[in-house]
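>>> with the sequence up front, the predicted model follows.
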Amino acid sequence: EEVCVLAQDLYDLYQNEQEDEPAPEPGDEGMEGEGETQQVPGGAGDESDEDSNTESSTDEGDDGEDTGDRAEEDADGASYWDLHKPVLSQIVVDHPVIDSIWKGWETERNASPMATHGQNVKTYLNSIRPIVNAMVQEFQRKQAAEAFKRTETAKTGILDTIKMTNYRWSEDIFVRNEVHHDGKSHGVVMVLDWSGSMHPILKDTVEQLLVLTEFCRKVNVPFEVYAFSSSRCQVNEPEDRWSEEWNQWHAANPQWNHTGDDNTRPRVNEFSLLNFLSSRMNKSQMSDALARLWSLASHDYCPPQFGLGATPLNEAIIAGAEVVNQFQKETGVDIVNAVFLTDGEGSSITGSYGRRNAVIRDTTTKRNYTVKPRGYTADTDALLEWFKDQTGATTIGIRLLDCKHIKGLRYNFWANDDQGFETAANEYKKNNFCLVESNYDEYFIVKGDLKVQTDAMDDLADDASYTRLKNAFIKGSGSKKSSRVIATRIAGMIAA
């Protein structure tokens, strides 16, 4: 709690410094952040600040020709950044590759997490079985209700031999058919923050994830679980990063393709998407993967490729668009629910951090996405708009907070809304989570160390009084629901 208060004080000091800082002059080519200069755009359609709102705008111009418009954009102080094309073969580490890395490491060390952690995760899965079964029943009820809404009754034109005797006083003498319109099929892609700051809450977060993956397995919803890590993970990567061999390998295996001007190249970093769990796994593969994930969440010894690092959230969103489209194509689902779980913001790819005008451009669709002045979430907000345009997916953000209150996020989301902040703070205090307006379709701040409650009566003594039993049951019923907020919220969306 003291750390959260200290963080709030530092943020207030930063805000005061920004208010005292003089505004940049038009045409100033200095770029704050990371010591680089402001980039000059490669050319785009004529735009004004009024056109650059939360909605994306279509760029009808041809890059590299309209020098007059380019000069006008420079005068406005805006920098333009062309999105990279991710090379998924160099970014995504599929579950068979992860399995081979683990087996090589286990052979080298003559040790395996299967014995201890395999039994631990099995015990946990058994403990959450009643929760998962209850979620499945609720899902089936909601699904039946939705199916009933889509049901239509129509006349066939064929006489009903039973009803036809009523022809003198009723015109309803024909056979009727019920037409059931098919609902939408869903899939889930979960992307988990694998940064060092997740260390204190990683185990609790994985427990929440496993409730959801077990639910998906029960109702046959395809799913993928990725962790985004700032370390590059390739089997054939040379070990010595300072060698000439590594430099040659690195040049021959880029993660990003950028075909535009170097002046419009976003500051993306190398990272990996680690495919820890998948509905494509068979029973044996899933059992091994669960034991290994439990080992990682328990901070036990593990292969160095899977260590915690930084927070490449924005890079994960860019590459995630192609991952989601590929997932939808392979599974054939109608709707993909993309879930991003993180405990912080990613590094800016434009260097603006919302303090200067910046525009992210998709050179394929010719659409522009304005980076709004929203601090460290500015780039992420623009990229989420782009992500939804690219995939059509439902985006769900889970901000994990290892704190008893949300004071540290006061100016991130409620800078000019005292009443909204007070409402959210009370909701967080009561339910351990609160809903926030954001560029995600749904965005939650969730207590990071929230453990999944399984039985409200476990801690009661054998001779507990009737009053204690009653109070524990009432309190436990509510805490069980709030403790699995991630799983229950997504389950409700899938049932629609």
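Cool, got the structure.
>>> then F444 would be within a strand, right?
Yes - assessed with DSSP: H, G, I helix; E, B strand; the rest coil, F444 lies in a strand.
>>> quick one: neighbours of it, just the number.
20 (other Cβ atoms under 10 Å). No exception for glycine: its C-beta is placed from N, CA and C like everyone else's.
>>> list the buried residues in stretch 275-284.
The neighbour-count check on stretch 275-284 (16 or more other Cβ atoms under 10 Å) flags N275, F276, L277, S278, S279, R280, M281 as buried.
>>> out of these, who's nearest T394?
S279 (18.0 Å; Cβ to Cβ).
>>> state the distance from the closest one to A297.
20 Å (Cβ to Cβ, to the nearest Å).
>>> same check, this time on D193
13 Å.
>>> the buried residues of stretch 275-284 in helices, which ones?
Among the buried residues of stretch 275-284, no member is found in helices (DSSP state H).
>>> nearest to T370, of those residues?
Checking these against T370 with Cβ to Cβ, the nearest one is N275 at 33.0 Å.
>>> I'd like the distance between the closest one and I91.
N275 is 11 Å from I91, by Cβ to Cβ.
>>> next: N431.
36 Å.
>>> neighbour-wise, which of those two wins?
I91 (24 against 17).
>>> mind listing what L274 touches?
By Cβ atoms under 8 Å, 6 or more residues apart in numbering, the contact set of L274 is V93, I98, W194, Y226, A227, F228, S229, C233, F306.
>>> where does the protein dip in pLDDT?
Within the chain, the stretches with pLDDT under 70 are 1-76, 145-157, 159-160, 164-165, 167-169, 171, 173-183, 353-355, 449-490, 493-496.
>>> give me the helices and strands touching the longest helix along it, please.
Looking across the chain with DSSP H, the single longest helix is helix 129-149. Helix 129-149 makes packing contacts with helix 202-218, helix 485-495 when contacts are defined by 3 or more Cβ pairs under 8 Å, 6 or more residues apart in numbering; DSSP states H and E.
>>> buried stuff in it?
For helix 129-149, using 16+ other Cβ under 10 Å, the buried residues are I131, V132, M135, F139.
>>> which one of those residues is nearest to D288?
The closest of the buried residues of helix 129-149, once distances to D288 are taken by Cβ to Cβ, is V132, at 20.7 Å.
>>> could I get the full set of strands for the stretch 101-250 of the chain?
If you assign secondary structure with DSSP state E, counting those that start in this stretch, the strands in the stretch 101-250 of the chain sit at 151-159, 174-180, 186-193, 223-229.
>>> follow-up on the earlier one: nearest to K163, of the contacts of L274?
Among the contacts of L274, and counting by Cβ to Cβ, the member closest to K163 is Y226, at 57.7 Å.
>>> so what's the closest one closest to, chain neighbours aside?
L273 (4.5 Å; Cβ to Cβ, 6 or more residues apart in numbering).
>>> next one: that neighbour from G397, what distance?
The gap separating L273 from G397 is 17 Å, by Cβ to Cβ.
>>> please apply the same query to R217.
Distance from R217 to G397, counting by Cβ to Cβ: 24 Å.
>>> what do you get for K85?
Note on K85: its distance to G397, by Cβ to Cβ, is 25 Å.
>>> do N282 as well
32 Å.
>>> next: L202.
Counting by Cβ to Cβ, the gap from L202 to G397 is 18 Å.
>>> surely V189 meets I335?
No - between V189 and I335 there is no contact under Cβ atoms under 8 Å: 11.3 Å.
>>> now the common contact residues for these two.
Common neighbours of V189 and I335 (Cβ under 8 Å, 6+ apart) are A393.
>>> with neighbour numbers in mind, choose between those two.
Per other Cβ under 10 Å, whichever of V189 and I335 has more neighbours is V189, with 22 against 16.
>>> quick one, what contacts that one?
So V189 contacts F223, E224, Y226, G320, V323, V324, F327, V336, N337, A338, V339, A393 (Cβ under 8 Å, 6+ apart).
>>> please name the bridge partners of it.
Here V189 sits in beta bridges with E224, A338, going by DSSP bridges.
>>> shouldn't F340 be within a helix?
No - secondary structure assignment (three-state DSSP) places F340 in strand, not in a helix.
>>> how many neighbouring residues does it have?
For F340, the neighbour count with other Cβ under 10 Å is 24.
>>> same question, L273
Look at L273: counted by other Cβ under 10 Å, it has 26 neighbours.
>>> right, and it touches S89 too?
No - if you go by Cβ under 8 Å, L273 and S89 don't touch, sitting 11.4 Å apart.
>>> coming back round to it: more neighbours: R217 and G397, which one.
G397 (22 against 16).
>>> can you tell me the SS state at the more buried one?
strand.
>>> can you give me the distance of it to T342?
G397 is 8 Å from T342, by Cβ to Cβ.
>>> look up how far V87 lies from the closest residue to W105 other than its chain neighbours.
Closest residue in space to W105, ignoring its immediate chain neighbours: P303 at 4.2 Å, by Cβ to Cβ, 6+ apart. P303 is 23 Å from V87, where distance means Cβ to Cβ.
>>> neighbour count: those two, which is higher?
Per other Cβ under 10 Å, whichever of P303 and V87 has more neighbours is P303, with 18 against 15.
>>> could you say which helix or strand contains Q285?
According to DSSP states H and E, Q285 maps onto helix 283-297.
>>> pull out the buried residues from that helix.
Buried, per 16+ other Cβ under 10 Å, within helix 283-297: M286, D288, A289, L290, A291, R292, L293, W294, S295, L296, A297.
>>> I'd like to know which elements that helix is packed against.
helix 95-109, helix 114-127, helix 202-218, strand 272-278.
>>> for T161, which of the ones you listed is the nearest?
Across the helices and strands packed on helix 283-297, closest to T161 is helix 202-218 (Cβ to Cβ), at 44.0 Å.
>>> what residues of that closest one count as buried?
Buried-residue list, helix 202-218, by 16+ other Cβ under 10 Å: 202-217.
>>> try stretch 99-118
Going by 16+ other Cβ under 10 Å, stretch 99-118 has these buried residues: I101, W102, W105, S112, P113, H117, G118.
>>> hmm, L384 and Y443 touching each other?
No - judged on Cβ under 8 Å, Y443 makes no contact with L384 at a distance of 9.7 Å.
>>> for stretch 253-261, measure first residue to last.
20 Å (Cα to Cα, to the nearest Å).
>>> which residues does that stretch contact?
With Cβ under 8 Å, 6+ apart, stretch 253-261 has contacts from 42, 63-64, 82, 84-87, 90-91, 232, 234, 265, 268, 270-271, 363.
>>> then stretch 289-307?
95, 98-99, 101-102, 104-105, 109, 111, 113-114, 117-118, 120-121, 124-125, 194, 199, 202-203, 205-206, 210, 229, 231, 233, 274, 276-278, 281.
>>> return the residues in contact with E106.
S112 are the contacts of E106 under Cβ under 8 Å, 6+ apart.
>>> just the one 10 residues further on next, same as before
Applying Cβ under 8 Å, 6+ apart to T116 gives no contacts.
>>> now it: how far from Q208?
Distance from T116 to Q208, by Cβ to Cβ: 22 Å.
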